[in-house]
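1. next come a sequence and a model predicted from it.
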Amino acid sequence: MRMRFNKVLCVAGVVLLNLAGSFCQLDVCGQAPFNTKIYGGGDATAGSWPWHVGIGDFGCGGSLINKDWVLSSASCLSRTPTSDVFIQLGRRTRYDPDPHQINRTIINVISHPDYNPVTEDNNIALFQLSSSVDFTDYIRPVCLAAAGSVLDEGLSSWATGWGYTANSGLPNILQEVEIPIVSNQNCSVAYNGSGVTITDNMLCAGQLNDVFKGQCEDDNGGPLVSKQGSQWIQTGVIIMTNACLHKNIPGVFTRVSQYQDWINSHISNEKPGFVTVPYSTPTPDPNPTPDPYPYIPDIFSGSSPSLQLFPLSLTFSIFSLIFCFFI
């Protein structure tokens, strides 16, 4: 009986080890050592957005979310056939050679089953790389907004891409632009009469004035990110790229936080790092009293990005091995 109990504990230790290891992506995602952006827009510096990738001839963009997968839009599939198409990672320039660039082909594409090309609802897709990439200062995964994230109007965000610029040309250097989040209600008002319906699966960002700032043609599939602490978190995927043809309407994005379960269901190893926006911890009580139910960070939804999960998995590994050895 005692030996059976010991074996149960041993198995439990192994389970905890695997569980902890599945969240290790939070330790590496959203880190951009060369990004010091605070305001403005224009040419991106090398390494500023290490998760941004070019797909095919850059008719679409995407974001690296772990060593094997890229997140993009489902509409990119019609613009960029997957046969013989490669994804370019670590690249800053469209035309000039880049010393930090590596290429991968696409071996699997998973488009959301409820994607509607007419309404643009559920416009999201996963691209599997032909082989894993090694992370560098110029190639790193981005964190993803977890389910339940709240994006307040005015939240500072950044969109990146090689799409058309104000002078109607395709830029050589990756472009970046800072744009605020616009509430879905105000976004719907801006699009009133256009035939576009802003759903709960979408979010909006941009300027509501005579100076347009946002995405344009060929930016499709690229990321919209916000910074929280030291981490960059992807909140949106660029889907509507005609906003640059008009004034007083924001850009429209697929809301990433709506798809945490769907993304995780298709990625078996090294799940992307999901982080709840905004992330906050309880304010310490200056005169604390014993609490029978202490606060425990919600590592399952990603709301504790600073938690070091690799040491946790290592701890479980050591204890499990020692315990099993003496059974």
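-> Nice, thanks for sending it over. Note that the coordinates shown come from a computational prediction; the quantities given were computed from them, not determined experimentally.

2. from here on, just use CA atoms for contacts and neighbour counts.
-> OK.

3. show me where the stretch 101-250 of the chain has helices.
-> For the stretch 101-250 of the chain, applying DSSP state H, counting those that start in this stretch gives helices covering 184-190.

4. could you pull out the strands for it?
-> With strands called from DSSP state E, counting those that start in this stretch, the stretch 101-250 of the chain shows them at 102-111, 125-129, 143-145, 156-161, 175-182, 202-205, 223-228, 231-240.

5. low-confidence stretches in this protein?
-> Residues of the chain meeting the criterion pLDDT under 70: 1-24, 32-44, 46, 58, 78-84, 165-168, 208-215, 217-218, 241-247, 279-327.

6. go again using 50 as the cut-off
-> Scanning the chain for pLDDT under 50 picks out the ranges 2-3, 5, 7-23, 36-41, 280-283, 291-325.

7. without its sequence neighbours, what residue ends up closest to Val196?
-> Thr119 (7.0 Å; CA to CA, 6 or more residues apart in numbering).

8. so the one you found is in contact with Thr199, correct?
-> No - with contacts counted by CA atoms under 8 Å, Thr119 stays clear of Thr199, the gap being 9.3 Å.

9. the more surrounded of those two?
-> A side-by-side neighbour count of Thr119 and Thr199, using other CA atoms under 10 Å, places Thr199 first with 16 against 13.

10. report the contact partners of the more buried one.
-> Counting by CA atoms under 8 Å, 6 or more residues apart in numbering, Thr199 makes contact with Asp121, Asn184.

11. that one and Gln31, how far apart?
-> Counting by CA to CA, to the nearest Å, the gap from Thr199 to Gln31 is 31 Å.

12. do His112 as well
-> 28 Å.

13. out of those two, which sits in the more crowded spot?
-> More neighbours surround Gln31 than the other of His112 and Gln31, with 23 against 18 (other CA under 10 Å).

14. could you check how far the more buried one is from Thr136?
-> Distance of Gln31 to Thr136, computed by CA to CA: 11 Å.

15. would you put the C-alpha positions of stretch 93-113 in CSV?
-> Written as CSV, here are the backbone C-alpha positions of stretch 93-113 (Å, rounded to 0.1, in the frame of the first residue of the first chain):
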residue,chain,number,x,y,z
THR,A,93,14.6,45.6,-45.0
ARG,A,94,12.4,44.6,-47.9
TYR,A,95,15.0,44.8,-50.7
ASP,A,96,18.4,45.0,-49.1
PRO,A,97,20.2,41.9,-47.7
ASP,A,98,19.9,41.5,-44.0
PRO,A,99,22.6,39.8,-41.9
HIS,A,100,20.1,38.7,-39.2
GLN,A,101,17.6,37.1,-41.6
ILE,A,102,16.7,33.4,-41.7
ASN,A,103,14.1,31.7,-43.9
ARG,A,104,11.6,28.9,-43.3
THR,A,105,9.1,27.3,-45.5
ILE,A,106,5.5,26.6,-44.4
ILE,A,107,4.5,23.0,-43.8
ASN,A,108,1.0,23.6,-42.3
VAL,A,109,-1.6,26.3,-42.3
ILE,A,110,-4.6,26.3,-39.9
SER,A,111,-7.2,28.9,-40.7
HIS,A,112,-10.0,29.5,-38.2
PRO,A,113,-13.0,27.4,-39.2
